[in-house]
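> any chance you could fold what I've pasted below:
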Amino acid sequence: MSKLSKAELDALVGEAMVDCYDREEQAAGLYTMIQDNLATPFQTQVLGLDVVVKDVDLRDNAGVVAICTRGAFRQSVPILDLPLPVPSPEGAEWIDAYRHWLA
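Okay, here's the model as predicted:
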């Protein structure tokens with residue numbers, strides 16, 4: 001759950017969507033803000049395993065995903081399903097804005 005108010009989340013979404021004309025461009029705008037602002041790499045756990053989030057990507061079928069690695073293995077995880085470490089990495093508020101936009 002975001003610590004930001006609805007007004008703050010609305011402001012982030014508005015900033016990401018300047019000059020966006022449709023839902024696809026809006027998703028790309030939020031993805032760009034996540035990519036530009038989320039401090040990667042960072043460590044977290046997925047299904048009880050330590051992983052490193054190396055990057056984010058925008059996928060047609062899954063929206064924004066985190067690119068997670070563990071040794072030689074690589075897996076994409078929908079960013080909204082990714083458990084964030086405590087404290088959250090810098091820029092995690094953009095994930096909250098993305099969640100808010102989808103709601």
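> contacts and neighbour counts: CA atoms only from here.
Fine.
> name the residues of the strand ranked longest in the chain that are buried.
Among the segments of the chain that qualify as a strand by DSSP state E, the longest is strand 49-59. Across strand 49-59, burial judged by 16 or more other C-alpha atoms under 10 Å covers 51, 52, 53, 55, 56, 57, 58.
> which parts of the chain are strands?
Under DSSP E, the chain gives strands at 42-46, 49-59, 63-70, 73-78.
> please name the strands paired to the second one in the sheet, noting orientation.
If I follow you right, that is strand 49-59. strand 42-46 (antiparallel), strand 63-70 (antiparallel) (DSSP bridges).
> picking that back up, can you lay out the buried residues of strand 49-59 as CSV showing pLDDT and distance to residue 9?
Listed next are the buried residues of strand 49-59 as CSV, based on pLDDT from 0 to 100; distance: C-alpha to C-alpha, whole Å:
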residue, pLDDT, distance to residue 9
51, 98, 28
52, 98, 27
53, 98, 24
55, 98, 23
56, 98, 20
57, 98, 21
58, 97, 20
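> out of those, which is nearest to residue 79?
Distance to residue 79 across these (C-alpha to C-alpha) is lowest for residue 56, with 8.0 Å.
> so that closest one is in contact with residue 64, correct?
Yes: with contact defined as C-alpha atoms under 8 Å, residue 56 reaches residue 64; the gap is 6.8 Å.
> remind me, longest helix of this protein?
In the chain, ranked by residue count with DSSP state H as the criterion, the top helix is helix 23-37.
> residues making contact with that helix?
13, 16-17, 20, 55-58, 63-64, 90-92, 94-95, 97-98 (C-alpha atoms under 8 Å, 6 or more residues apart in numbering).
> for stretch 11-19, same thing?
25, 26, 29, 30, 32, 33, 94, 97, 98, 101.
> now residue 45: how far from residue 52?
According to C-alpha to C-alpha, to the nearest Å, residue 45 stands 8 Å off from residue 52.
> what's the spacing between residue 62 and residue 81?
For residue 62 relative to residue 81 (C-alpha to C-alpha), the value is 11 Å.
> oops, could you answer that again for residue 9 instead?
In terms of C-alpha to C-alpha, residue 9 sits 19 Å off from residue 81.
> looking at these two, which is more packed in?
residue 9 (21 against 10; other C-alpha atoms under 10 Å).
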